[in-house]
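Q: build me a model from this:
(one chain, ligands or ions: 1)
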Amino acid sequence: MTRITLIQGDITEQKVDAVVNAANSSLLGGGGVDGAIHRRGGPEILTACRELRASQYGKGLPTGQAVATTAGRLPARWVIHTVGPVYSRSEDRSELLASCYRESLRVADELGAATVAFPAVSAGIYGWPLDDAARIAVGTVRATPSGVKEVRFVLFTEDVHDAFAQALAD
Ligand code: AR6
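A: Have a look, this model is predicted:
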């Protein structure tokens, strides 16, 4: 059984086995939580991402998939990079967002990570409505069997924290 916990805070400060990054396909960094992880984790993470681009993901990491690197100087062992879908009003991309959580947990399992911190993937720059993003995140983690003991959602702002708290209560 995976225990789900919620906190409002900064994911780069979490002492967990693996921290999930809401990356983009390039794996070469960006703004939001991605920028914060690379800033706090230092250049080792980018070096590892460049190697992944060169070896396995010449065209970039596809949306909905996940891949691990070192966590550099973060107080975690690994960063699991996943690429959320950009929100669309005309197309239902929920399955791709659910896939981010499933694939990240699968990678965490492969690594033997017992504790995993997730941000609200796609709920920032990628524009996902908070209630929807929270419902998909919580629902998918609940429905995905894994050896992970604790999934900690680390929500940066009060509005996102409240949306996740509501999804957890439902
Ligand atoms: N800790 C936890 N959550 C954070 C932190 C932090 N330090 N910083 C921001 N958030 P976003 P996306 C929250 O935009 O929507 C990047 O440029 C933020 O408040 O980081 O998946 C990538 O390279 C929001 O609730 O990710 C991609 O190009 C949540 O993290 C693109 O943004 C996700 O917001 C991905 O967009």
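Q: what does the chain have sitting close to the ligand?
A: Proximity of the chain to the ligand, by Cβ under 6 Å from any ligand atom, involves residues 10-12, 22-24, 30-34, 36, 84, 119-126, 154, 156-157, 160. Placement of C-beta: from N, CA and C, glycine included.
Q: could you give the mean pLDDT of stretch 146-162?
A: Averaging pLDDT along stretch 146-162 yields 98.
Q: so how far is that stretch off the chain centroid?
A: Here stretch 146-162 is found 10 Å from its chain centre; the criterion is Cα atoms, centre = their mean, to the nearest Å.
Q: mind checking the end-to-end distance for it?
A: End-to-end distance of stretch 146-162 (Cα to Cα, to the nearest Å): 26 Å.
Q: pull out the buried positions in that stretch.
A: 146, 148, 151, 152, 153, 154, 155, 156, 160, 161, 162 (16 or more other Cβ atoms under 10 Å).
Q: hang on, residue 148 packs against residue 114?
A: Yes: using Cβ atoms under 8 Å, residue 148 is in contact with residue 114, at 6.5 Å.
Q: the protein: helices as residue ranges?
A: For the chain, the helices defined by DSSP state H occupy 32-41, 43-55, 94-111, 130-143, 158-169.
Q: identify the residues contacting residue 144.
A: By Cβ atoms under 8 Å, 6 or more residues apart in numbering, the contact list for residue 144 reads 2, 101, 102, 105.
Q: ok, residue 40 next?
A: By Cβ under 8 Å, 6+ apart, the neighbours of residue 40 are 12, 73, 74.
Q: isn't the last one up against residue 41?
A: Yes: using Cβ under 8 Å, residue 74 and residue 41 qualify as a contacting pair, with a distance of 4.5 Å.
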